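>>> 3D model of this:
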Amino acid sequence: QVQLVESGGGLVQPGGSLRLSCAASGSIFNIVAMDWYRQAPGHQRELVARITSAVITDYADSVKGRFTISRDNARNTVYLQMNSLKPEDTAVYYCHADIEVRTGVAGTVLGDYWGQGTQVTVSS
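Okay, here's the model as predicted:
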């Protein structure tokens, strides 16, 4: 199967920066897309940024110009560089990926996978 392991969360002051990482491991044939979601207390989980295998990116309006998503295909890793952080960015950030996994000699199946989440707190 596949595991997504996140790292890089923490406490930062307003205006500061953090970089999140998410590494995928397992019987990976192809990573179609990787995303970052976040969920703040009392709010629904929302898509923050997405990057496809063709390196097409998309961002939530609230983070455009401040966050940058990138991926290292050789390491099956996605990053989220977060700059100019605001208190309203405080949330648990989750990595998500659409991944084709090997199922046998020549078979694959597409599945979606989630990381365990990492807390980002922006506060003075």
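
>>> List the contacts of the residue lying farthest from the centre of the chain.
Of all residues in the chain, Val105 has its C-alpha farthest from the mean position, at 30.2 Å, by CA atoms, centre = their mean. With contacts defined as CB atoms under 8 Å, 6 or more residues apart in numbering, Val105 is in contact with no residue. Yep, even glycine has a C-beta here, placed from its N, CA and C like the rest.

>>> Could you do Ser27 as well?
Neighbour list for Ser27: Gln1, Val2, Val101, Arg102 [criterion: CB under 8 Å, 6+ apart].

>>> is Trp36 in a bridge, and if so with what?
Listed beta-bridge partners, Trp36: Ala49, Cys95 (assigned using DSSP bridges).

>>> Assess the claim that it and Glu46 are in contact.
No: Trp36 is not in contact with Glu46 according to CB atoms under 8 Å; the separation is 10.0 Å.

>>> still on that earlier bit, just the contacts of Ser27 now: which is nearest Tyr93?
Each of those was checked against Tyr93 using CB to CB; the closest is Val2, at 18.7 Å.

>>> Give the bridge partners for that closest one, please.
Under DSSP bridges, the residues paired with Val2 across the bridge are Gly26.
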